[in-house]
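Chemist: quick one: sequence and predicted model below, then my questions.
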Amino acid sequence: MEPGFFARFCRARPPFARHLRLVLAASAVWALAACSTPPRLNYDLSAIDGGFAARAGRRGQLVILEPTAILPIASNRIVVRTGADVVAYLTGAQWADQLPVLVQTRLIETFQNARLLRAVGRPGMLADYSLRTDIRRFELDVAGNQAVVEISAQLVGSSGRILAGKVFSASAPAERDDGPTITRALDAALADVMRQIVAWTAPQI
């Protein structure tokens, strides 16, 4: 072994140690800055539990695909529209999960609670039909103090052919601009849209 190898290695440690201390110091500063920002509160959405007319001879199995969406909707942030072409995020609040995932889960639960079909679930189950949805709007419109939800839906057969399609929308008033009020209004608007989607889909299966 070449003489002095360990000596050179040991001499190389102080600069590395100084670099490590700098990295740790920078990390500590970043952590303190992060702690100074109040955490965002998580809000959930609800499924509809009942209220659908009973249907004799339940049949058909349906897969609910994860809704498509674009930013800023395709995130866990709560969207506020302040102008025709201007949107922002509600400060101090966010959805409990990515919005498309959350809407998919609540839509599946709503179909299951309605008890109008034999089985409803996620991709992976054997089904006669699938439901494609696209979240077009899911926001508070400050101009009218209204929570607005708009979702397009397509019923697709097992062959992949689109059998029917429709756009569903609903709104609900939001008296204040705080997180609990806005999320309750959006939850109410979504409930209206999901009820429409179930009532439109089930008779076709």
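Modeler: Noted; the coordinates are in hand. Nothing here was measured: the structure is a model prediction, and the numbers come from that model.
Chemist: wait, what's in contact with Y43?
Modeler: Contact partners of Y43, counting by Cβ atoms under 8 Å, 6 or more residues apart in numbering, are I78, A93, Q94, W95, A96, G179, P180, T183. For every residue, glycine as well, the C-beta is placed using N, CA and C.
Chemist: which intervals of this structure have sub-threshold pLDDT?
Modeler: Filtered on pLDDT under 70, the chain yields the residue ranges 1-37, 54-57.
Chemist: now the helices: where do they sit in it?
Modeler: Per DSSP state H, the chain carries helices over the ranges 5-35, 99-114, 179-201.
Chemist: now stretch 46-53: buried residues?
Modeler: Residues A47, I48, F52 are the ones in stretch 46-53 that count as buried (16 or more other Cβ atoms under 10 Å).
Chemist: ok, these vs R122, which is closest?
Modeler: Nearest to R122 out of these is A47 (Cβ to Cβ; 14.4 Å).
Chemist: residue contacts, that closest one?
Modeler: Residues near A47 by Cβ under 8 Å, 6+ apart: T105, R106, L107, E109, T110, N113, M194.
Chemist: mind putting those residues into TSV with neighbour count and distance to G157?
Modeler: Formatted as TSV, the contacts of A47 follow (neighbours: other Cβ atoms under 10 Å; distance: Cβ to Cβ, whole Å):
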residue	neighbour count	distance to G157
T105	17	24
R106	19	25
L107	27	19
E109	17	24
T110	24	22
N113	16	25
M194	25	22
